[in-house]
Structures are given as C-alpha cells and as structure tokens.
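Asker: model the following, please.
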Amino acid sequence: MTISVRLNDETLELVKAYASMNNISLSDLIRNALIEKIESEYDLECYNKAMEEYKKNPKTYTLDEVKKELDL
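Answerer: Okay, the predicted model is just below:
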C-alpha cells in the first residue's frame, strides 16, 4: 500500500537529515515512527485503565505473595 504525506520544505529536510543520520530510509523512518506512536498511546491507555482500577481497589501484593499465588 502506498500512502502520501505532505510536508513543507523545512520539515522534509529535517526528516531526510534524521533518516540519513540513522542510516534508514524515509519509508522505514515514517513506518517506525507511526508504529511507535500507536504503541505509546496504547501503553498510556492501558496505564490509565490500570490506575482507574487501582484507585477503586488499592490493594498491592509483594513479590513473594505473587509467586505464591502463581505457584512459582
């Protein structure tokens, strides 16, 4: 699949320089940045949900308790 992205000249030069510094193609740079952005937002969403659950029930467990519970 091909996707077009419009960048002004200044931004394009910055992106090209960054890709060159890291010895990667523009396609790889954009793909990796997009995936990293999605993963970061997903991680933040998971964190926020976990914090909401923790605030409802702020029970914590020691490592030994977890090991015992999981029979490790």
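Asker: ok, and what's touching the helix or strand that contains Asp64?
Answerer: With elements taken from DSSP states H and E, the one containing Asp64 is helix 63-69. By Cβ atoms under 8 Å, 6 or more residues apart in numbering, the residues outside helix 63-69 that reach it are 61, 72. C-betas here are computed from N, CA, C, even on glycine.
Asker: which strands or helices does the helix or strand where Leu14 lies pack on?
Answerer: Element membership for Leu14 (DSSP H and E) is helix 9-21. Secondary-structure packing of helix 9-21 (3 or more Cβ pairs under 8 Å, 6 or more residues apart in numbering; DSSP states H and E): helix 26-56.
Asker: now the helix it packs on, how far from the centre of its chain.
Answerer: The chain centroid and the centroid of helix 26-56 are separated by 4 Å under Cα atoms, centre = their mean, to the nearest Å.
Asker: do the same with stretch 10-24
Answerer: Distance of stretch 10-24 from its chain centroid, counting by Cα atoms, centre = their mean, is 21 Å.
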